[in-house]
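**Student:** Got a predicted model here, sequence first, then my questions.
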Amino acid sequence: MRIDVTGLTKTYKGGVRALDDLTLTIPTGMYGLLGANGAGKTTLLRILAGLLHPTEGRVVIGGHDVTTQEGKPAVQRKLGYLPQNLGVYPDLTARAFLDYIALLKGLHNRSGRRRRVTELLEVVALTDAADRRLKGFSGGMLRRVGIAQALLADPELLIVDEPTTGLDPEERIRFRTLLSRLAGDRTVLLSTHIVDDVAQTCRTLAVLANGRLAFQGSVTDLVSVANGRVWTVTTNGPPPTEGRVVSALPEAAGMRYRVVSRQSPDLSAKPAEPTLEDGYLALMDQVPV
């Protein structure tokens with residue numbers, strides 16, 4: 001399901017502009033939306049989901065303009081949404097919670113609804129915990145319940161907002177793998193400030209900064225932004241002052257710094273192959289404040 005965003009602006013009370021004339025195309029498949037906290041990602045997602053009306057601009061999803069009264073319900077019928085903070089009923093079991101949400105989403109046939117809930121509990125690897133109360137679930141398990149509720153109506157568009165924040169490494173990997181499997185013939189929009197989540201799941205992405213589109217293209221293209229700008233410096237002295245230090249690792253010869261800089265940060269600096277994180281940082285250095 002293709003998404004076309006044109007001239008999208010959202011200004012809140014007090015003159016705070018969260019989105020500023022944003023134009024963006026999102027194709028079918030897994031797509032990353034990357035940006036720092038406050039970049040405008042959640043505002044964009046809420047507009048896509050029909051939960052927020054823009055100040056200006058159009059959003060066409062699968063041929064329907066979500067900013068119109070006619071288009072919004074048409075889009076929402078094809079949409080699954082996992083917000084950053086999903087409210088659950090802690091005293092319900094996972095099975096009971098999903099059954100309740102399925103009823104709210106219009107799945108009125110009892111046997112069909114229960115069959116769908118059972119299928120999704122298996123998809124998100126929660127079959128063994130299906131009859132446990134949600135208040136005993138870990139953060140990662142609750143995220144998986146969130147994905148299950150978003151998939152109840154078998155949506156063509158799945159939107160997930162900061163889904164791996166606060167998860168331990170094992171849960172993050174499990175969740176990323178699940179999202180990649182779900183992409184298939186649907187659009188999965190992954191919004192995050194964690195660069196590695198995009199690096200491990202997406203081939204194409206957009207970067208938002210200050211409510212504007214800073215980049216749109218392939219992961220390879222974003223990596224290439226840092227070509228010739230990544231260096232390693234090993235020293236017993238103070239860290240490099242030129243450029244941005246990405247990492248610092250202790251070694252026998254001193255500290256080894258990885259630096260993103262337009263020019264060599266030190267006479268002893270050695271060039272290094274860029275990563276997606278390097279490309280993102282190099283891009284951010286070019287974005288006007």
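**Tutor:** Yes, it's here.
**Student:** Can you mark which positions in stretch 101-108 are buried?
**Tutor:** Across stretch 101-108, burial judged by 16 or more other CB atoms under 10 Å covers 101, 102, 107. For glycine as for every other residue, the C-beta is placed from the backbone atoms N, C-alpha and C.
**Student:** you'd agree residue 137 is up against residue 143?
**Tutor:** No: assessed by CB atoms under 8 Å, residue 137 is found out of contact with residue 143, at 9.4 Å.
**Student:** Looking at the buried residues of stretch 101-108, which is nearest residue 43?
**Tutor:** Closest to residue 43 out of the buried residues of stretch 101-108 is residue 101 (24.4 Å), distances taken as CB to CB.
**Student:** So what does the closest one look like in phi/psi?
**Tutor:** Backbone dihedrals for residue 101, given as degrees, to the nearest 10, come out at phi -60, psi -40.
**Student:** Without its sequence neighbours, what residue ends up closest to it?
**Tutor:** Closest residue in space to residue 101, ignoring its immediate chain neighbours: residue 149 at 4.7 Å, by CB to CB, 6 or more residues apart in numbering.
**Student:** Spit out the contact partners of residue 253.
**Tutor:** Residues in contact with residue 253 (CB atoms under 8 Å, 6 or more residues apart in numbering) are 234, 236.
**Student:** same thing but 6 Å
**Tutor:** By CB atoms under 6 Å, 6 or more residues apart in numbering, the residues touching residue 253 are residue 234.
**Student:** same thing with residue 281?
**Tutor:** Listed by CB under 6 Å, 6+ apart, the contact set of residue 281 reads 244, 260.
**Student:** now do 10 Å
**Tutor:** By CB atoms under 10 Å, 6 or more residues apart in numbering, the residues touching residue 281 are 195, 225, 226, 229, 230, 243, 244, 246, 259, 260, 274, 275.
**Student:** What of residue 76?
**Tutor:** Contact analysis of residue 76 by CB under 10 Å, 6+ apart lists 49, 50, 51, 61, 64, 66, 105, 153, 155, 157.
**Student:** Quick one: these as a markdown table, columns for pLDDT and secondary structure too.
**Tutor:** Formatted as a markdown table, the contacts of residue 76 follow (pLDDT from 0 to 100; DSSP: H, G, I helix; E, B strand; the rest coil):
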| residue | pLDDT | secondary structure |
| --- | --- | --- |
| 49 | 94 | coil |
| 50 | 94 | coil |
| 51 | 94 | coil |
| 61 | 96 | strand |
| 64 | 96 | strand |
| 66 | 95 | coil |
| 105 | 88 | coil |
| 153 | 90 | coil |
| 155 | 93 | coil |
| 157 | 95 | strand |
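**Student:** From the residues you listed, keep the buried residues only.
**Tutor:** Taking 16+ other CB under 10 Å as the criterion, what is buried in the contacts of residue 76 is 49, 50, 61, 64, 66, 153, 155, 157.
**Student:** Which one of the residues you listed is nearest to residue 119?
**Tutor:** residue 153 (12.7 Å).
**Student:** Against residue 83, how distant is the closest one?
**Tutor:** Residue 153 sits 16 Å away from residue 83, going by CB to CB, to the nearest Å.
**Student:** just to revisit the earlier point, could you check the pLDDT of the residue nearest to residue 101?
**Tutor:** Here, the pLDDT recorded for residue 149 equals 94.
**Student:** Report how many residues lie close to it.
**Tutor:** Residue 149 is flanked by 24 other residues according to other CB atoms under 10 Å.
**Student:** Would you mind writing the CA trace of the one helix or strand it maps to as PDB?
**Tutor:** Here residue 149 sits within helix 139-150, counting by DSSP states H and E. The C-alpha trace of helix 139-150 is given here as PDB (Å, rounded to 0.1, in the frame of the first residue of the first chain):
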ATOM      1  CA  GLY A 139       8.100  -5.100  28.200                       C
ATOM      2  CA  GLY A 140       8.900  -7.200  25.100                       C
ATOM      3  CA  MET A 141       5.900  -9.400  25.600                       C
ATOM      4  CA  LEU A 142       3.600  -6.400  25.900                       C
ATOM      5  CA  ARG A 143       5.000  -5.100  22.600                       C
ATOM      6  CA  ARG A 144       4.200  -8.400  21.000                       C
ATOM      7  CA  VAL A 145       0.600  -8.200  22.400                       C
ATOM      8  CA  GLY A 146       0.600  -4.700  20.800                       C
ATOM      9  CA  ILE A 147       1.600  -6.100  17.400                       C
ATOM     10  CA  ALA A 148      -1.100  -8.800  17.700                       C
ATOM     11  CA  GLN A 149      -3.800  -6.200  18.400                       C
ATOM     12  CA  ALA A 150      -2.600  -4.200  15.400                       C
END
